[in-house]
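S.K.: Here's a sequence, model it:
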Amino acid sequence: MQDQPHLEALVHILDQAWRGGFTSKSDLAREKAPVVAMATERSLITTRIGPNHYSNTHLITPDGLKVLWSLKGLT
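M.R.: The predicted structure is shown next:
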């Protein structure tokens, strides 16, 4: 299945974002840039930490956590 590597990368990205985040300049963000971009665009991860406040760390969103649990078979 062609999508399997992308799903595995998405699970890894979401898991790292859930476990404390990863910076936008980390090796992970650079190596998986297309997956990070897709996850950000779909609001699964974010750098937003408050109204009009952003950091350089990607963290998981509530929607991202739902997707992560679903992909891991926990829901």
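
S.K.: Low-confidence bits of the protein, can you list those?
M.R.: 1-3 (pLDDT under 70).

S.K.: so where do the strands sit in it?
M.R.: 22-23, 45-50, 53-60 (DSSP state E).

S.K.: got the ones you listed as CSV, with distance to Glu31 and mean neighbour count columns?
M.R.: From N, CA and C alone the C-beta is placed, and that goes for glycine too. Below are these laid out as CSV (distance: least, CB to CB, whole Å; neighbours: other CB atoms under 10 Å):
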stretch, distance to Glu31, mean neighbour count
strand 22-23, 11, 16
strand 45-50, 15, 15
strand 53-60, 13, 16
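
S.K.: Looking at those strands, which is nearest to Leu68?
M.R.: Nearest to Leu68 among these is strand 53-60; the distance by CB to CB comes to 6.9 Å.

S.K.: Report the beta-bridge partner residues of Thr57.
M.R.: On the basis of DSSP bridges, Thr57 is bridged to Thr23.

S.K.: ok now do it, which residues does it touch?
M.R.: For Thr57, the contact set (CB atoms under 8 Å, 6 or more residues apart in numbering) comprises 21-24, 47.

S.K.: Please report how far it lies from Ile49.
M.R.: 8 Å (CB to CB, to the nearest Å).

S.K.: Send over stretch 50-67 as PDB, restricted to the C-alpha atoms.
M.R.: Only the C-alpha atoms of stretch 50-67 are listed here, as PDB (Å, rounded to 0.1, in the frame of the first residue of the first chain):
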ATOM      1  CA  GLY A  50      -2.500  31.200  22.900                       C
ATOM      2  CA  PRO A  51      -4.400  34.000  21.200                       C
ATOM      3  CA  ASN A  52      -1.900  35.700  18.900                       C
ATOM      4  CA  HIS A  53       1.000  33.800  20.600                       C
ATOM      5  CA  TYR A  54       3.100  31.200  18.800                       C
ATOM      6  CA  SER A  55       6.200  29.200  19.600                       C
ATOM      7  CA  ASN A  56       8.700  27.300  17.500                       C
ATOM      8  CA  THR A  57       7.500  24.000  19.000                       C
ATOM      9  CA  HIS A  58       4.800  21.800  17.200                       C
ATOM     10  CA  LEU A  59       2.300  20.400  19.700                       C
ATOM     11  CA  ILE A  60      -0.700  18.200  19.100                       C
ATOM     12  CA  THR A  61      -4.200  19.600  18.900                       C
ATOM     13  CA  PRO A  62      -7.400  17.900  20.300                       C
ATOM     14  CA  ASP A  63      -8.200  16.800  16.700                       C
ATOM     15  CA  GLY A  64      -4.700  15.500  16.300                       C
ATOM     16  CA  LEU A  65      -5.000  13.500  19.400                       C
ATOM     17  CA  LYS A  66      -8.300  11.900  18.200                       C
ATOM     18  CA  VAL A  67      -6.600  11.000  14.900                       C
END
